[in-house]
Each structure stands twice: as C-alpha cells, then as structure tokens.
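In: When you get a sec, could you give me coordinates for this:
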Amino acid sequence: MDKRSILFLTCITLSFFAVQTYFESGKKEEIKTEKIVAAPKPTAPKVITQNYPLTSSANETFYVLENEYQQLVFSSKGGALAEINLPFKKTSPKSYVKEIDFDREILDTSPDNAYFPLHSYQLPNGDRKKGTLGGYYPLLRRGINGKAIDPKYYALNVVGQDPNIANVEYRMTRFEPNLIEFKGSVGSAQITKTYSIPETRNGPYCFLLDIQVDGDAEGLWLSSGVPDVEIVANSYAPILRAQVTRKQQIDVESLDLPTKGPIESTSISPNWISNCNGFLGLIMDPLNGVASGYKTLQIAGTDLPTRLTLIDPNFHLYPAASYPGYATYLPLKSGSTPYRIFAGPYDTNLLKDLDGIYEDISQNYNPDYVSALSIQGWFSFISQPFSKFLFMLMQLFYSITRSWAAAIILLTFALKAMMYPLNNWSVRSQLKQKELAPKIAAIQEKYKKDPRKGQMEQMNLYRQAGVNPILGCLPMVLQMPFLFGMFYLLKSSFALRGAMFIPGWIDDLSAPDVLFTWGYPIWFIGNELHLLPILTGMTMYLQQKMTVKPPANPSNLTDQEKQQKMMGYIFPVMLTLMFYNLPSGLNIYFMFSNLLGIAQQVWVTKKTEVKTKKA
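Out: Numbers count the residues shown, from 1 in each chain. As a prediction, this is how the structure comes out:
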C-alpha cells in the first residue's frame with residue numbers, strides 16, 4: 001500500500017474513531033473544593049399567609065398544582081414532589097414537550113403505568129380526582145406496575161443520614177390554586193415548605209419553594225429527585241452541572257457522575273445545581289445562598305427502575321440495571337431559604353428566555369441557566385462554537401420553513417456552500433491523481449525490486465504535476481470542526497426531540513427512523529429496521545464509485561486500484577453500521593451531504609474535462 005492510500009485510510013479511520021468517541025460521555029471534571037462568594041440574587045416574592053385547617057393522615061395523600069407547563073404532584077410524605085408531569089404540546093399548546101414513540105408504546109402496552117398522576121389526588125377545593133390516561137411526560141422516575149417508590153427519591157424532599165427523615169409525615173396547612181404549604185418535624189427542627197407558582201415574572205416550567213427551618217438544620221439536605229431516562233443518540237448520558245463563583249468570577253462546571261458512593265463537597269456553595277437526563281431535568285437555584293457544600297448520588301436502576309423497562313419487557317430491551325439514576329443535593333440551613341426551581345426541557349431558546357426574565361441589571365445578576373446545557377466529549381472545545389453557529393442557521397431556516405427536517409436539509413446546503421472551495425480543491429486534486437494513476441502504476445511495476453527508488457520517482461512525478469497527496473487530506477481536516485459541531489447539534493438538540501418529518505417512518509428527528517418492527521430482537525439491529533442509515537451508506541458508496549475511475553481492463557488492476565476498490569466497499573458499510581442507531585436528523589444531514597458531494601463531483605469533473613479538451 002502506497003503512502004497516499006495509507007494516509008487516506010488513516011485520516012478516515014481517525015475520523016470514524018473521533019466521531020464514535022464523541023458520542024461517549026467524556027470524563028467530567030469534578031469541582032475543586034474551595035470557598036466561593038455567592039452571586040447577588042433577587043429576593044423571592046413574599047408569600048402572604050392565611051389560616052387553613054390542619055390535616056394529617058397516617059396514609060400518603062397526594063395534592064396537585066397544575067398550569068399549562070407542569071403538573072406538580074405533592075405527597076404528604078416529606079411534603080415533597082412525588083411526580084412532575086409535563087403536558088404534551090398537542091394538549092397544551094404552550095408546552096415545549098412533544099410526544100415520542102416511548103410515550104405512545106407505554107400508553108398502548110402498559111396503560112396502568114400511563115396515568116397522570118398515578119394515584120388519586122386532592123384539589124384546592126377539597127375534591128378528589130383520579131389521574132388521566134396519557135397526555136403527559138413523567139419527568140421523575142415513578143412507581144412501576146403498582147409498586148410504590150421510597151419517598152427519599154422524591155424531588156425537593158428533606159433527607160439525612162437517618163433514612164426515616166424522608167418518610168416524615170407532613171401536614172398540609174394551606175392549599176390554594178397557585179400555592180400549597182406543608183409543615184413537619186424532623187428531629188428537633190420544625191420545617192415549613194411553601195410552594196408557589198407566581199402569576200407575574202415567572203418563566204415557563206418554574207416555581208418557587210420557600211423552606212423555613214426552625215431549629216438545627218445540621219445534616220439535612222434538599223434532594224433534586226431522580227429524572228427518568230432519555231435515550232440521546234442511542235445512549236444514556238445524564239449530565240450534572242453546577243454554577244460556582246470563584247474570586248468574583250462565575251463559572252459553570254460539569255460534576256463527576258457518582259458510581260459506588262456519593263460524591264460530596266463541603267467547602268463550596270453552588271449558585272445553582274442542575275440534574276439533566278440529556279434532554280430534560282431540574283435546576284435548584286437558592287436565591288439567597290445556601291449552607292456550604294453539595295452532594296451527588298447514584299441510585300441503582302434495580303432500586304428505582306426507569307419507565308423504559310416497560311418497553312418489550314420479555315426481551316429486556318432496556319434492563320433496569322443498565323440505567324442507574326442520579327440525584328443532586330443542597331444542604332439546608334436554619335432560617336428561611338427561597339429557591340427557584342426549574343423542572344422542564346433543556347431547550348436553548350427556553351433557557352435564554354428564562355435568563356432574560358430573571359435578569360436584574362441593577363444587581364448585575366443573570367442566572368445563566370442556558371449554561372446548564374453541556375457539550376460532552378473529548379472534542380467539546382472544538383464543537384461548541386461551531387455548533388452554536390450552526391444552530392443559529394438552523395433556527396433561521398426553521399423560522400422560514402416551520403419544519404426542522406427542512407431546516408436540516410437547508411443547513412446541509414448552506415454548509416456545503418461554505419465548504420465549496422475546500423471540496424472543490426479536494427475534487428480537483430483527486431482528478432489530477434487519477435490522471436497520474438497509469439504513470440504511478442508504471443513506476444511501481446518498473447521499481448518492484450527497489451520500492452524506495454519507486455517512491456522517490458512517484459514524488460518527483462507529483463512534484464512535476466503540481467500535486468501534493470498529503471495536502472489532499474487538508475480539506476477533511478479543516479472541515480472537522482464543522483463536522484463535530486454538526487454531530488453535537490443534530491444528536492442532542494431538544495428542538496428535534498419529537499419533531500416529525502414523514503409520519504409513520506420518521507416520527508422523531510432525535511431518534512432513529514423506524515420503517516417497520518418485528519418481535520424478537522436481533523443483536524445490534526434490535527427489532528426495528530432503520531432505513532435512513534442504509535440510504536446514507538448507499539450515497540457514500542455512489543460517491544466513492546465516482547471518485548475512483550474504473551480501469552479500461554477490470555481484470556488487470558494494480559495493487560493501488562485494488563485497495564481503492566476495496567475501500568470503496570468497506571467505508572460505506574462502516575458508515576452504515578456506525579449510523580444505524582443514531583438519530584434520523586443526523587442521517588438526513590449526511591445523506592444529503594453525500595448527494596451534494598456527488599453533484600459537486602459531477603460538476604467539477606465535467607468542467608475539468610472541458611478544460612482538458614480545450615487545452
């Protein structure tokens with residue numbers, strides 16, 4: 001194999017390795033423990049108290065506050081949130097959350113687990129109701145098949161070393177359409193938790209929690225709860241992040257995912273802490289600072305199963321043990337601490353809007369929730385600026401077409417136009433090398449016994465023809481930042497989640513397309529046929545065929561031509577396998593990119609042939 005073939009194969013192999021690695025979560029940096037200064041924050045709206053008859057029960061009682069963005073299901077156990085259910089856009093037009101195949105399949109095959117809430121509940125007027133069937137996305141992991149979960153996994157519950165703390169029965173002392181209050185005793189401390197949904201200056205998917213601790217709060221923590229699993233680019237990639245202030249500088253950093261035991265820091269106080277499952281999650285934002293420290297914990301998937309275990313349970317497509325949960329904790333302190341809680345989708349535009357709503361210029365304060373979005377992987381430092389630029393373009397095209405699939409296709413055209421000079425240079429270089437192929441073959445044949453001299457003759461030939469085979473890989477290298485940016489953009493943009501292109505085939509641009517399904521799963525393929533990756537591989541094969549000019553006598557191939565022919569078969573197969581379980585939006589981009597590459601190849605080849613004839 002000559003140097004040019006080796007170089008080409010190496011570049012492609014490294015590209016595939018880099019792309020594959022990019023989908024795996026890189027090692028996250030744990031926040032170093034050091035003292036920080038809390039950022040100035042606006043005070044929470046004051047809650048006006050009123051008398052309400054105290055109620056208590058030996059059994060667990062559920063209460064619901066609901067608006068167009070959230071269904072908040074409170075439990076008398078811990079005065080905490082047992083469920084946070086997000087309505088679908090089809091039933092609540094203001095919602096950002098769209099129904100996906102998992103929701104439809106669970107509703108069809110396991111309706112007992114698709115009630116929202118799961119249990120009967122009480123309304124502010126005292127009426128009791130049962131949950132409705134379907135229509136919501138369960139943000140938190142809930143009980144499955146009638147099995148209750150431990151209240152220590154509830155969101156915004158108070159926990160400690162004593163496991164009984166999370167099971168303390170709280171009295172509901174106030175209940176209004178936009179407010180509910182609980183009171184309970186934890187050891188020597190009296191705790192009052194007041195939840196409210198302000199009617200003014202309150203962003204979507206946000207509500208307030210005021211915790212009043214009368215007594216010793218030592219060893220008490222406030223839990224985020226455990227978000228359910230989201231499959232992002234064929235993997236489960238939860239993200240824990242925290243905003244910290246060091247030396248008057250605000251920074252947002254990723255936290256290590258805990259494994260065997262909890263990860264705890266005692267010397268820093270996050271301005272806010274985020275627990276995201278890849279697409280949705282919770283942000284706990286203490287508005288006047290908290291006691292120093294934070295903690296993260298992994299919960300075994302067998303102890304708290306994801307709802308995905310309900311999908312084809314006979315074949316164990318989503319085994320509980322493979323999907324552990326993660327919770328974040330902030331320490332409590334004596335006195336009153338107001339929190340702003342975000343519980344919803346990590347959509348770029350939504351988080352930017354929230355930053356605008358809560359910004360206080362006079363206090364030099366902005367929550368910067370949009371930075372809770374994290375680009376993961378070894379090449380995040382390259383892809384982040386490019387993905388932001390490409391996302392702006394994609395949003396522009398979406399505003400014109402009102403279709404995310406059409407926006408991806410137009411973005412492909414735009415990116416191809418920007419890369420045209422580089423691609424044009426590469427194609428011309430390939431054509432020149434084709435012209436020299438017979439001479440190279442003659443040199444290789446002549447110097448079979450002296451390969452070193454043969455290589456020197458080849459380099460002289462390249463030099464005389466003005467061809468540099470090493471620079472032939474330069475366009476590929478220069479396009480890598482855009483490639484990584486596009487990969488991140490199309491594999492993890494919440495806007496593509498549930499976005500439909502062709503009903504019945506491409507129902508979700510953030511998931512693989514499904515042409516049809518069958519019962520028994522096959523290794524790697526599963527029980528679904530994904531057509532788009534096959535079409536993408538076919539377009540790459542056509543592009544390879546056009547790049548390599550067939551010899552006049554197919555039976556008399558040189559070693560180099562045999563290698564190129566073999567690579568023309570191998571690379572499309574590798575691409576098909578690598579993309580088989582990746583999002584359909586990503587496959588649409590690469591398929592159209594290959595088609596445009598073919599068109600450019602034809603155009604440049606014809607122009608070159610015309611110039612050659614004239615010469």
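In: switch to C-alpha atoms for all contacts and neighbour counts from now on
Out: OK.
In: Sort out which residues of stretch 200-214 are buried, please.
Out: 203, 204, 205, 206, 207, 208, 209, 210, 211, 212, 213, 214 (16 or more other C-alpha atoms under 10 Å).
In: tell me which element residue 342 falls in.
Out: In the assignment (DSSP states H and E), residue 342 maps to strand 335-345.
In: what angle separates the next helix or strand after that strand from strand 335-345?
Out: Next helix or strand after strand 335-345 toward the C-terminus (DSSP H and E): helix 348-358. If you take axes from the mean of the first three to the mean of the last three C-alpha atoms, to 10 degrees, helix 348-358 sits at 150 degrees to strand 335-345.
In: what angle separates the helix or strand following helix 348-358 from helix 348-358?
Out: For helix 348-358, the succeeding helix or strand toward the C-terminus, using DSSP H and E, is helix 380-401. For helix 380-401 against helix 348-358, the angle by the same axes, to 10 degrees is 90 degrees.
In: Can you give me every residue that contacts residue 352?
Out: Residues in contact with residue 352 (C-alpha atoms under 8 Å, 6 or more residues apart in numbering) are 368, 369, 370.
In: go on, residue 273?
Out: Counting by C-alpha under 8 Å, 6+ apart, the residues that residue 273 touches are 240, 241, 242, 243, 283, 284, 285, 328.
In: do residue 80 as well
Out: 74, 154, 155, 156, 157.
In: if we go to 10 Å?
Out: Residues near residue 80 by C-alpha atoms under 10 Å, 6 or more residues apart in numbering: 62, 72-74, 151-158, 166, 170, 182, 193, 195, 222-223, 225.
In: Among these, which lie within strands?
Out: Assigned to strands by DSSP state E, the following of those qualify: 62, 72, 73, 74, 158, 182, 193, 195, 222, 223.
In: want to try TSV for these, with pLDDT as columns?
Out: Shown next, in TSV, are the ones in strands among the contacts of residue 80 (pLDDT from 0 to 100):
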residue	pLDDT
62	96
72	97
73	97
74	97
158	96
182	97
193	98
195	98
222	96
223	97
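In: Which one of the residues you listed is nearest to residue 607?
Out: Nearest to residue 607 among the ones in strands among the contacts of residue 80: residue 72, at 64.5 Å, using C-alpha to C-alpha.
In: Report the beta-bridge partners for the closest one.
Out: Beta-bridge pairing for residue 72 (DSSP bridges): residue 65, residue 84.
In: distance of it from residue 66?
Out: Using C-alpha to C-alpha, to the nearest Å, residue 72 is found at 6 Å from residue 66.
In: So which of the two has more stuff around it?
Out: residue 72 (23 against 17; other C-alpha atoms under 10 Å).
In: I'd like to know how far that one sits from residue 160.
Out: Using C-alpha to C-alpha, residue 72 is found at 24 Å from residue 160.
In: try residue 539
Out: From residue 539 across to residue 160, the span is 58 Å (C-alpha to C-alpha).
In: Just want to know which of these two has more residues nearby.
Out: Neighbours were counted for residue 539 and for residue 160 using other C-alpha under 10 Å; residue 539 has more, 22 against 17.
In: Point me to the helix or strand that includes the more buried one.
Out: helix 531-547.
In: how about that helix: buried residues?
Out: 531-541, 543-545, 547.
In: same thing with stretch 408-421?
Out: By neighbour count on 16+ other C-alpha under 10 Å, the buried set for stretch 408-421 is 408, 409, 410, 411, 412, 413, 415, 416.
In: With residue 522 as the reference, measure out to residue 289.
Out: According to C-alpha to C-alpha, residue 289 and residue 522 sit 52 Å apart.
In: Residue 159 contacts residue 187, doesn't it?
Out: No: the criterion here is C-alpha atoms under 10 Å, and residue 159 misses it with residue 187 at 11.7 Å.
In: When these two are compared, which one has more neighbours?
Out: Comparing residue 159 with residue 187 by other C-alpha under 10 Å, the one with more neighbours is residue 159, at 26 against 11.
In: hmm, back to that, between the contacts of residue 273, which is nearest residue 85?
Out: Nearest member of the contacts of residue 273 to residue 85, counting by C-alpha to C-alpha, is residue 283, at 15.6 Å.
In: Give me the nearest residue to that closest one, chain neighbours excluded.
Out: Leaving aside its chain neighbours, residue 283 sits nearest to residue 274 (4.4 Å; criterion: C-alpha to C-alpha, 6 or more residues apart in numbering).
In: thought that neighbour was touching residue 281?
Out: Yes: applying C-alpha under 10 Å, one finds residue 274 in contact with residue 281, separated by 7.4 Å.
In: Overlap in contacts, the two.
Out: 224, 239, 240, 342, 343.
In: Any chance of JSON lines for these, columns neighbour count and distance to residue 83?
Out: Below are those laid out as JSON lines (neighbours: other C-alpha atoms under 10 Å; distance: C-alpha to C-alpha, whole Å):
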{"residue": "224", "neighbour count": "29", "distance to residue 83": "12"}
{"residue": "239", "neighbour count": "24", "distance to residue 83": "20"}
{"residue": "240", "neighbour count": "28", "distance to residue 83": "20"}
{"residue": "342", "neighbour count": "22", "distance to residue 83": "14"}
{"residue": "343", "neighbour count": "28", "distance to residue 83": "11"}
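In: helices or strands next to the helix or strand where residue 423 lies in the packing?
Out: Taking DSSP H and E as the definition, residue 423 sits inside helix 420-446. In terms of contacts (3 or more C-alpha pairs under 10 Å, 6 or more residues apart in numbering; DSSP states H and E), helix 420-446 is packed against helix 404-418, helix 451-465, helix 474-492, helix 531-547, helix 559-579, helix 584-614.
In: Figure out which of the ones you listed is closest to residue 384.
Out: Taking those one by one with C-alpha to C-alpha, helix 474-492 is closest: 6.4 Å.
In: What average pLDDT does the following helix or strand past the closest one get?
Out: Under the assignment DSSP H and E, the closest C-terminal helix or strand after helix 474-492 is strand 516-522. The predicted model gives strand 516-522 an average pLDDT of 84.
In: quick one: contacts of strand 516-522?
Out: Against strand 516-522 from outside (C-alpha under 10 Å, 6+ apart): 312, 314-317, 504-505, 526-531.
In: Check which strands are paired with that strand and give the direction for each one.
Out: strand 526-529 (antiparallel).
In: The partner strand: which residues count as buried?
Out: 527, 528, 529.
In: quick one on the thing from earlier: which of the buried residues of helix 531-547 lies closest to residue 263?
Out: For these, the nearest to residue 263 is residue 533 (40.0 Å; C-alpha to C-alpha).
In: From what I see, that closest one and residue 512 are in contact.
Out: Yes: in this structure, residue 533 is within contact of residue 512 by C-alpha under 10 Å, at 8.8 Å.
In: which residues do those two both contact?
Out: 579, 580, 581, 582, 583, 584, 586, 587.
In: Tell me, how many residues neighbour the fourth one?
Out: The tally of other residues near residue 582 (other C-alpha under 10 Å) stands at 25.
In: residue contacts, it?
Out: Counted by C-alpha under 10 Å, 6+ apart, residue 582 has contacts 23, 232-235, 490-491, 509-513, 530, 532-533.
In: same deal with the second one?
Out: For residue 580, the contacting residues are 234, 512-513, 524-525, 529-534, 536-537, 574, 587, by C-alpha under 10 Å, 6+ apart.
In: so what's the nearest residue to residue 100 once chain neighbours are set aside up against?
Out: Nearest residue to residue 100 in three dimensions, chain neighbours excluded: residue 498, at 5.2 Å (C-alpha to C-alpha, 6+ apart). The contact partners of residue 498, taken as C-alpha under 10 Å, 6+ apart, are 97, 98, 99, 100, 101, 506, 507, 508, 509, 510, 511.
In: Turn these into TSV, including neighbour count.
Out: Listed next are the contacts of residue 498 as TSV, based on neighbours: other C-alpha atoms under 10 Å:
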residue	neighbour count
97	24
98	22
99	20
100	18
101	12
506	24
507	21
508	25
509	28
510	28
511	26
